[in-house]
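Q: coordinates only, sequence not included:
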């Protein structure tokens, strides 16, 4: 009032201020401030100057709740405005470009940001299981403690997992290998649905799970948190604690996580597989127990124009595999698995992942220079009972396969803003991998892989509401595989009818190089409460060593796998779109896509045998896919939200030996209903949130050998969260109760590793978790 | 809203044009079968085979479309790892270490892809091999790449 009354109508008065994130207190760039007669946007420092003769305006920003602000006579200027991020768990698919860069928010790329709040509210046994609620994102689970992401039905090496700007390199190609990342201490994950090779390189052909670096601590602060978690299904006990602190410009963080769990329980007393029956004791899926111990530490410096942070982390895990039917081989064993449900006997795997990364950002005028460096060491041991097979005599020990992978990554990127219209990026990604093998079971040879890629990308703000983007990329890769010879002799018929025994050579020294162009264009258009996006582009993936030169018995799967040295890089063409609408009580989203692979690589079961094992051969075929996700959310009453979402993918091979079939691990049609009731206060409890999720999957009848049809299912999960001022009023303890699989339903997930051996998903589970900040 | 509809329309069109071209493709979703439950099916569960004798190993395989190949894998079960899915439980001899166990690892193709086939493999049990528990594993594939397996417990005696 005071301001408006002083100034005349011709010379509009102005309001000055800063907009910051209510949680991180970091300035927000690109926030729209809309008054009845004026409009302003915040700059890099979050500051704005809004010319208006009215005394109220609305601040709006993608990923944040709109805030109406009214100036009163005693308002001090410049004002400070805090915006609260919208939590994704309520409306499932709210588009959240929460990073400071408006570039990311107005990007045509269909992406979803998952924040800490979501991760905390939905935490499951493994990181990717936690993300399963997001439409279009699914997981391939391996028992209770491990999983890896699939996006729109594609997984393994078709989804890049990026942490702190560095591509995570483990043994993600194997169907029984998980993802080795500590799921605690993660603030934000961005998920890109669709091809993203352009910025992320090979492997991002189906999408990216981009784990963002944690947010900066506040100056002169120290804080920490402790989380404990207990679960009934697999008697899990987990503990994670993290601290962070900052002086003025130097800061550090640290975290320790430990998890220990027993065999998981399935709602069945016996497993039927290929006419064999395995009785389970107390519903325990024997030998699926495991443990995980992780630690990480980082330190960094933040200045006016310079920021650097170095992370060091180690993830160590040991998991057992279901003993009776490890993979597809049916065996009994003299090991007494049932003495304890906590011990891990053979077969099991042990993994250790060391990661050292550095992220440095330098701001020079209108340039932002980013350099990421990473070193990763992944050590994987697969141990199983030494058993003679075919011509192989009993091996000397249980070390079946050992994989050692060292990966060096260097990414550099320069972002230039020209005329405030063009945001131009030029970048370079390089990676060097050294892979060694050990153990008596040969599957893939030792190999080195070098790849380098460069890209140019422009984001153009045609009008404040219309954004266009285009990019082009070139990649070159070199794979050298090393020779390998069996340690045992195999009889071979000679031309003259006599038989001799030889040490078979499984792999030769070979040198293969690949190169590929990719590119894409996209547009995004924002109109009031609606965002439209459209993308057209192609993406690629270099063949991997196992696809090129496997030549051995996969005992886990009881089959013979053969690579193909003449495979071409996989390329995919895609058109995808998104429409999202959010206004007060109602939100709606639709993201369809169509996709064509001209040479999709998959493991094809042939009609032929090698030493009585069926030969599976890596093959390329044309594949057409179409699908998408839809979601709708409505705030029924003040405290009650309902949302529904659906995801569907149809895939068909249009050439090759499996023409007409789908591709392996195709997810079924899935629908999800979510009901959330929130209450601010109830007795001593605050921020109470009660959620019921109903997940409905249709039967998956689209299968490809050796898969089997999976029936549909309905499963209900519930959760209750709240805070109580137990130790401190300002830092209440966060309590979370979760109930998975309410009715202990016996159901099968078509994309689960254990589906192949007819093992149902985990039974009822009650989880209790407590988090205290300090 | 118009824009939404036009995007959806484009995609729907894309979907129909892409799918309509190959709707004629029929795919084989049936596995082949394998059985020794017929006269001449050999070996039967828990059967004893004598060293020095010659036997005709035989099983009947069928498929809805076209058979492709079969295999026989005869190996010792001195460690009691148990493969049998014939329903009968055979008496096993004590666990022992192999010295010169018998081993057959052979694959055969089925020519011209018939829907039914009965294979016979003549096997002479050598005089010098270890006696004891053995398994006979059979498997069959069809042209599509579906596979079925079965296995039978047997004994080799003096």
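A: Alright, I've got the coordinates. These numbers were taken from a predicted model, which means no experiment stands behind them.
Q: and the residue lying closest to residue A:416 once chain neighbours are set aside, how many neighbours?
A: Spatial nearest neighbour of residue A:416, excluding adjacent residues (C-beta to C-beta, 6 or more residues apart in numbering or on different chains): residue A:424 at 4.7 Å. (C-beta placed from N, C-alpha, C; glycine too.) When counting by other C-beta atoms under 10 Å in any protein chain shown, one arrives at 16 neighbours for residue A:424.
Q: list the contacts of residue A:424.
A: Applying C-beta atoms under 8 Å, 6 or more residues apart in numbering or on different chains, we find residue A:424 in contact with A:415, A:416, A:417, A:418, A:456, A:457, A:458, A:459.
Q: what's across from residue A:273 in the sheet?
A: residue A:276 (DSSP bridges).
Q: the stretch 1-150 of chain A: helices as residue ranges?
A: Counting by DSSP state H, counting those that start in this stretch, residue ranges of the helices within the stretch 1-150 of chain A are A:2-6, A:88-91, A:102-105, A:116-122, A:127-130.
Q: excluding chain neighbours, what is closest to the residue nearest the centre of chain B?
A: The centroid of chain B falls nearest to residue B:139 when counting by C-alpha atoms, centre = their mean (1.4 Å). Residue nearest to residue B:139 in three dimensions, not counting chain neighbours: residue B:149, with 4.2 Å by C-beta to C-beta, 6+ apart.
Q: ok, the one you found - contacts?
A: Taking C-beta under 8 Å, 6+ apart as the test, what residue B:149 contacts is A:274, B:34, B:137, B:138, B:139, B:140.
Q: what's the distance between it and residue B:104?
A: 15 Å (C-beta to C-beta, to the nearest Å).
Q: is there proximity between stretch A:384-402 and chain B?
A: Yes - against chain B, stretch A:384-402 shows contacts by C-beta under 8 Å from any C-beta of the partner chain at A:387, A:388, A:390, A:391.
Q: would you mind checking those residues for buried ones?
A: Buried by 16 or more other C-beta atoms under 10 Å in any protein chain shown: A:388, A:390, out of the residues of stretch A:384-402 next to chain B.
Q: note down every partner strand of the helix or strand hosting the residue nearest to residue A:416 and its orientation.
A: Using DSSP states H and E, residue A:424 sits within strand A:422-438. Sheet pairing for strand A:422-438, assigned by DSSP bridges, gives strand A:399-418 (antiparallel), strand A:447-463 (antiparallel).
Q: so which bits of the longest one are buried?
A: To tie it back to what came earlier, the one meant is strand A:399-418. Result for strand A:399-418 [16+ other C-beta under 10 Å]: buried residues A:399-403, A:405-407, A:409, A:411-417.
Q: and the last one, by the same measure?
A: Buried positions in strand A:447-463, judged by neighbour count with 16+ other C-beta under 10 Å: A:447, A:448, A:449, A:450, A:451, A:452, A:453, A:455, A:457, A:458, A:459, A:461.
Q: care to break chain A down by domain?
A: Chain A breaks down by automatic domain parsing into domains covering A:2-85, A:91-773.
Q: comparing those domains, which yields the minimum mean pLDDT?
A: Lowest mean pLDDT within these: domain A:2-85, a mean of 72.
Q: other SSEs contacting the helix or strand hosting residue B:134?
A: Secondary structure assignment for residue B:134, by DSSP H and E: strand B:132-142. Counting contacts by 3 or more C-beta pairs under 8 Å, 6 or more residues apart in numbering or on different chains; DSSP states H and E, strand B:132-142 packs against strand A:586-610, strand B:33-35, strand B:54-62, strand B:67-76, strand B:147-157.
Q: tell me the mean pLDDT over it?
A: 91.
Q: neighbouring strands for it, and are they parallel or not?
A: If you go by DSSP bridges, strand B:132-142 pairs up with strand B:67-76 (antiparallel), strand B:147-157 (antiparallel).
Q: strand A:586-610 and that strand, what's the angle between them?
A: 120 degrees (axes from the mean of the first three to the mean of the last three C-alpha atoms, to 10 degrees).
Q: how far does strand B:132-142 sit from the chain's center?
A: Offset of strand B:132-142 from its chain centre (C-alpha atoms, centre = their mean, to the nearest Å): 7 Å.
Q: got the angle between that strand and strand B:54-62?
A: For strand B:132-142 against strand B:54-62, the angle by the same axes, to 10 degrees is 30 degrees.
Q: CSV please, covering the strands paired with strand B:132-142 and showing mean pLDDT.
A: Below are the strands paired with strand B:132-142 laid out as CSV (pLDDT from 0 to 100):
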stretch, mean pLDDT
strand B:67-76, 92
strand B:147-157, 89
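Q: mind checking those strands for the one nearest to residue A:572?
A: strand B:147-157 (30.1 Å; C-beta to C-beta).
Q: residue A:30 contacts residue A:44, doesn't it?
A: No - in this structure residue A:30 lies outside contact range of residue A:44 using C-beta atoms under 8 Å: 9.2 Å.
Q: higher neighbour count, those two?
A: Remark: of residue A:30 and residue A:44, residue A:30 carries more neighbours, 21 against 13, as counted by other C-beta under 10 Å.
Q: measure the spatially most central residue of chain A to chain B for me?
A: Central residue of chain A (C-alpha atoms, centre = their mean): residue A:209, 3.8 Å from the mean position. Distance, residue A:209 to chain B, using C-beta to the nearest C-beta, to the nearest Å: 25 Å.
Q: about what we covered before: could I get the helices and strands packed on strand B:132-142 in JSON lines, plus columns for distance to residue B:45?
A: Formatted as JSON lines, these follow (distance: least, C-beta to C-beta, whole Å):
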{"stretch": "strand A:586-610", "distance to residue B:45": "24"}
{"stretch": "strand B:33-35", "distance to residue B:45": "12"}
{"stretch": "strand B:54-62", "distance to residue B:45": "13"}
{"stretch": "strand B:67-76", "distance to residue B:45": "15"}
{"stretch": "strand B:147-157", "distance to residue B:45": "6"}
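Q: in the stretch 201-350 of chain A, which spans are strands?
A: Along the stretch 201-350 of chain A, the segments classed as strands by DSSP state E, counting those that start in this stretch run A:207-211, A:221-231, A:236-246, A:250-261, A:270-273, A:276-279, A:290-302, A:306-320, A:348-364.
Q: deepest of these, which one?
A: strand A:207-211 (a mean of 25; mean count of other C-beta atoms under 10 Å in any protein chain shown).
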